[in-house]
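A.B. asks: heads up, no residue letters with this:
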């Protein structure tokens with residue numbers, strides 16, 4: 001398949017906006033599935049994990065492909081819950097366009113804003129689909145206006161609903177100026193085309209005038225045509241919508257009801273017509289790992305191969321590595337060079353994925369999303385390339401975990417097994433971290449929230465059949481320095497002939513979460529390759545400060561070092577002396593950092609005062625309060641330590657009617 005025919009598409013939304021239902025309808029109408037999968041009865045194709053079907057939510061990003069017209073949609077269905085934001089981050093790194101799904105009643109919600117920010121950061125073009133137009137209280141105009149205000153100023157309707165709530169009958173197409181209605185008898189497979197009803201002609205004309213005005217503003221020649229005609233020819237309007245969407249100046253807004261099979265086919269047409277192919281996205285940037293120079297990677301099937309590993313999934317008979325090819329063509333049986341490990345990885349087989357099912361491939365070109373089994377050394381974010389053109393594609397940034405809990409087993413054999421399984425989970429999910437718990441002899445597992453930890457605990461118990469106990473979640477603190485400080489540290493081994501290493505360091509605050517390691521100008525060089533190995537392995541990330549928490553937001557400058565033996569110190573030996581120096585320096589005054597959370601609470605108006613009083617006790621900073629109908633929306637910033645088990649308190653204060661969502665928002669000094 002040629003790259004020009006691909007549309008690499010993601011479906012993004014706040015939880016419960018209907019994102020997976022939209023995806024299931026896409027699979028049905030494109031002919032990939034013969035029945036409609038439903039989230040509410042646990043039959044959704046893309047929610048294939050046991051945990052997903054039990055909870056009715058998406059947990060892991062699932063990849064599939066389906067045909068529409070003369071194109072192939074390579075689609076990733078992503079989670080809507082903030083605890084699984086890593087799945088959105090990894091998807092956006094390899095997508096060329098996204099559909100943002102909105103609830104027509106709730107409008108833009110907390111996670112909607114988060115995923116739009118992520119998409120904007122990656123410069124990914126967007127379409128907007130206002131879903132659930134059949135719900136009582138649905139309001140397309142209000143949802144679009146709020147989206148334009150809070151998500152992207154380029155949001156512009158290209159459709160209007162024909163009826164709303166229980167009266168929804170179809171959609172009014174502003175581009176072709178027609179009415180589309182769906183036959184409920186055949187599950188919406190067929191739709192009928194009608195002229196715009198006389199009662200709707202004024203509304204359609206006004207909305208089309210605004211649409212043409214916004215499109216005309218993209219091109220001076222189009223402005224002249226628009227001023228002459230008070231309209232644009234359909235050919236120019238379609239061309240302008242495509243140009244404006246790809247340039248991210250416009251976000252076309254469509255509408256419908258996925259659950260009741262209304263509006264999906266026009267959404268598919270919009271994806272093909274207005275979102276870019278990999279060729280239109282153009283070249284990606286990479287780095288020459290030897291010289292540090294920028295390289296341009298063009299989506300050319302004849303060029304040297306480059307691919308990014310964006311996901312690793314554990315399977316019983318070996319892991320699957322998910323790749324996006326950015327240049328060149330890969331073939332079954334060949335080997336590619338892993339820039340991170342410096343080793344070659346053989347491509348034993350190539351698969352096009354459909355959730356947890358797969359179709360074998362012989363070769364793939366630029367823009368392809370595929371899975372490869374048997375590459376045990378790859379990690380998320382790795383670059384695979386041909387040996388004669390080594391390069392490093394931009395990796396994937398993941399947030400730091402904010403909660404941790406203890407995990408224990410009954411015996412030593414189970415403990416060893418737990419360590420192996422945690423390594424598997426962490427390899428799959430870069431927002432999970434684990435380490436040994438010196439106090440209990442068990443392990444500490446860190447994640448993005450209570451649900452994140454709970455899901456992985458259930459995987460250990462159910463999928464891997466391990467009897468494991470978990471403690472209560474606790475806050476994942478970090479530590480930094482209050483100001484500039486310096487000290488020396490040393491390490492020597494008794495009995496080792498004269499082996500002693502001494503290191504002097506200067507510490508200073510930094511904005512980066514992972515500590516930075518630097519050498520003072522003019523310093524005697526470290527043994528060959530030692531500094532590269534320290535930085536490559538990111539050994540500093542595991543260091544602890546004076547209070548026993550991992551070091552963060554700290555710059556470590558090595559001012560001097562010496563060894564009392566002619567034999568050069570090894571990595572572990574030098575690192576021990578370096579750690580001793582850091583600990584000594586931090587003893588003069590360290591600062592404990594705790595996760596800061598961006599909190600959105602939705603609460604009925606009559607319970608607002610109780611919720612605000614409780615948030616004040618939790619040392620929250622109230623940023624904004626807005627009213628949507630009879631629901632108050634509170635936006636606040638709060639220390640995570642004050643929010644553990646908040647869901648129980650909120651249910652009590654609001655008689656079960658309140659809801660909230662938290663997103664990690666960096667770290668702050670502990671009060």
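C.D. replies: Here it is on my side, so go on. Please read these numbers as outputs of a predicted model, since none were measured by experiment.
A.B. asks: Residue ranges in the stretch 351-500 of the chain under the pLDDT threshold?
C.D. replies: Flagging of the stretch 351-500 of the chain using pLDDT under 70 yields the residue ranges 438-440, 493-498.
A.B. asks: cutoff 80 now
C.D. replies: Applying pLDDT under 80 to the stretch 351-500 of the chain flags residues 355-356, 399-400, 402, 437-441, 472, 492-499.
A.B. asks: The stretch 51-200 of the chain too?
C.D. replies: Looking at the stretch 51-200 of the chain by pLDDT under 80, you get 51-61, 80-86, 110-111, 184-186.
A.B. asks: those strands in it, which residues are they?
C.D. replies: Remark: strands assigned in the stretch 51-200 of the chain by DSSP state E, counting those that start in this stretch are 62-68, 71-77, 97-103, 126-131, 155-157, 159-162, 170-173, 178-182, 191-194.
A.B. asks: With distance to residue 479 and mean neighbour count as new columns, can those strands be given to me in TSV?
C.D. replies: Any C-beta I mention is one placed from the backbone N, CA and C, and that applies to glycine too. Shown next, in TSV, are these (distance: least, CB to CB, whole Å; neighbours: other CB atoms under 10 Å):
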stretch	distance to residue 479	mean neighbour count
strand 62-68	38	21
strand 71-77	37	25
strand 97-103	37	26
strand 126-131	39	27
strand 155-157	43	23
strand 159-162	53	25
strand 170-173	55	23
strand 178-182	58	19
strand 191-194	60	13
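A.B. asks: Residue 594 is nearest to which of those strands?
C.D. replies: Closest to residue 594 of the strands of the stretch 51-200 of the chain, according to CB to CB: strand 97-103, at 31.9 Å.
A.B. asks: Among the strands of the stretch 51-200 of the chain, which comes closest to residue 642?
C.D. replies: Using CB to CB, the nearest of the strands of the stretch 51-200 of the chain to residue 642 is strand 97-103, at 29.0 Å.
A.B. asks: Contacts for the closest one next, please.
C.D. replies: Strand 97-103 has contacts (CB atoms under 8 Å, 6 or more residues apart in numbering) with 7-14, 16-19, 22, 92, 108-109, 112, 115-116, 119, 124-132, 135, 143, 147, 151, 251, 267, 271, 275-276.
A.B. asks: Of the residues you listed, just the buried ones, ChimeraX syntax please.
C.D. replies: To isolate the buried ones among the contacts of strand 97-103 in ChimeraX, judged by 16 or more other CB atoms under 10 Å, type:
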select :7,8,9,10,11,12,13,14,16,17,18,19,22,92,108,109,112,115,116,119,124,125,126,127,128,129,130,131,132,135,143,147,151,251,267,271,275,276
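A.B. asks: got the strands of the stretch 51-200 of the chain as TSV, with distance to residue 500 columns?
C.D. replies: Converted to TSV, the strands of the stretch 51-200 of the chain look like this (distance: least, CB to CB, whole Å):
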stretch	distance to residue 500
strand 62-68	54
strand 71-77	54
strand 97-103	57
strand 126-131	60
strand 155-157	66
strand 159-162	75
strand 170-173	77
strand 178-182	79
strand 191-194	80
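A.B. asks: Tell me which of the ones you listed approaches residue 424 most closely.
C.D. replies: Across these, closest to residue 424 is strand 62-68 (CB to CB), at 18.9 Å.
A.B. asks: How far away from the center of its chain is that closest one?
C.D. replies: 19 Å (CA atoms, centre = their mean, to the nearest Å).
A.B. asks: now it against strand 71-77, angle please.
C.D. replies: Interaxial angle, strand 62-68 versus strand 71-77 (axes from the mean of the first three to the mean of the last three CA atoms, to 10 degrees): 160 degrees.
A.B. asks: Report the strands that pair with strand 62-68, each with its relative direction.
C.D. replies: strand 71-77 (antiparallel) (DSSP bridges).
A.B. asks: For the strand it pairs with, which outside residues touch it?
C.D. replies: 1, 5-11, 19-20, 23, 26, 30, 46, 58, 61-67, 91, 94-95, 268, 271-272, 277, 367-369.
A.B. asks: same deal with stretch 660-671?
C.D. replies: 14-15, 82, 85, 109-111, 114, 399-400, 402, 448-449, 477-478, 513, 552-553, 591-602, 619, 637-641, 643, 646-647, 650.
A.B. asks: what do you get if the cut-off is 6 Å, keeping everything else the same?
C.D. replies: Applying CB atoms under 6 Å, 6 or more residues apart in numbering, the set of residues contacting stretch 660-671 from outside is 82, 110, 114, 399, 402, 478, 591-601, 650.
A.B. asks: Now do that stretch, average pLDDT.
C.D. replies: The average pLDDT within stretch 660-671 is 81.
A.B. asks: Using the neighbour-count criterion, name the buried positions in it.
C.D. replies: 660, 661, 662, 663, 664, 665, 667, 670.
A.B. asks: Taking the residues you listed, tell me the two that lie furthest apart.
C.D. replies: Taking CB to CB, no two of these sit farther apart than 661 and 670, at 23.4 Å.
A.B. asks: List of residues touching the longest strand belonging to the chain?
C.D. replies: Using DSSP state E to define each element, the chain has its longest strand at strand 590-604. In this structure, residues lying in contact with strand 590-604 by CB under 6 Å, 6+ apart are 110, 402, 475, 477-480, 482, 545-547, 611, 631-636, 638-641, 654, 657-670.
A.B. asks: So which of the contacts of strand 97-103 sit within helices?
C.D. replies: Those of the contacts of strand 97-103 mapping onto helices are 19, 22, 92, 112, 115, 116, 119, 143, 147, 267, 271, per DSSP state H.
A.B. asks: quick check, nearest of those to residue 455?
C.D. replies: Using CB to CB, the shortest approach to residue 455 within the ones in helices among the contacts of strand 97-103 belongs to residue 19, at 18.1 Å.
A.B. asks: Skipping adjacent residues, who's closest to that closest one in space?
C.D. replies: Among residues not flanking residue 19 along the chain, residue 13 sits closest, at 3.9 Å (CB to CB, 6 or more residues apart in numbering).
A.B. asks: next one: residue 240
C.D. replies: Residue 240 sits nearest to residue 215 (CB to CB, 6+ apart), 3.6 Å away.
A.B. asks: now the helices for the stretch 501-650 of the chain?
C.D. replies: For the stretch 501-650 of the chain, the helices defined by DSSP state H, counting those that start in this stretch cover 530-537, 571-586, 608-617, 646-654.
A.B. asks: One more: the stretch 351-500 of the chain?
C.D. replies: 412-428, 450-458.
A.B. asks: Most tightly packed of those helices?
C.D. replies: Neighbour counts (mean count of other CB atoms under 10 Å) averaged over each of the helices of the stretch 351-500 of the chain peak at helix 450-458, with a mean of 20.
A.B. asks: List of residues touching that one?
C.D. replies: By CB under 6 Å, 6+ apart, helix 450-458 touches 51, 59, 83, 405, 425, 447, 470, 473.
A.B. asks: wait, which of the residues you listed is closest to residue 464?
C.D. replies: residue 425 (9.3 Å).
A.B. asks: Quick one: residues contacting that closest one.
C.D. replies: With the criterion set at CB under 6 Å, 6+ apart, residue 425 makes contact with 432, 456.
A.B. asks: Return the distance of it relative to residue 655.
C.D. replies: 37 Å (CB to CB, to the nearest Å).
A.B. asks: likewise residue 132?
C.D. replies: 25 Å.
A.B. asks: and what of residue 207?
C.D. replies: Taken as CB to CB, the span from residue 207 to residue 655 is 41 Å.
A.B. asks: for residue 95, same thing?
C.D. replies: 41 Å.
A.B. asks: between the two, who's got more neighbours?
C.D. replies: residue 95 (27 against 10; other CB atoms under 10 Å).
A.B. asks: That one contacts residue 7, correct?
C.D. replies: No - look at residue 95 against residue 7 with CB atoms under 6 Å: they stay out of range, at 9.7 Å.
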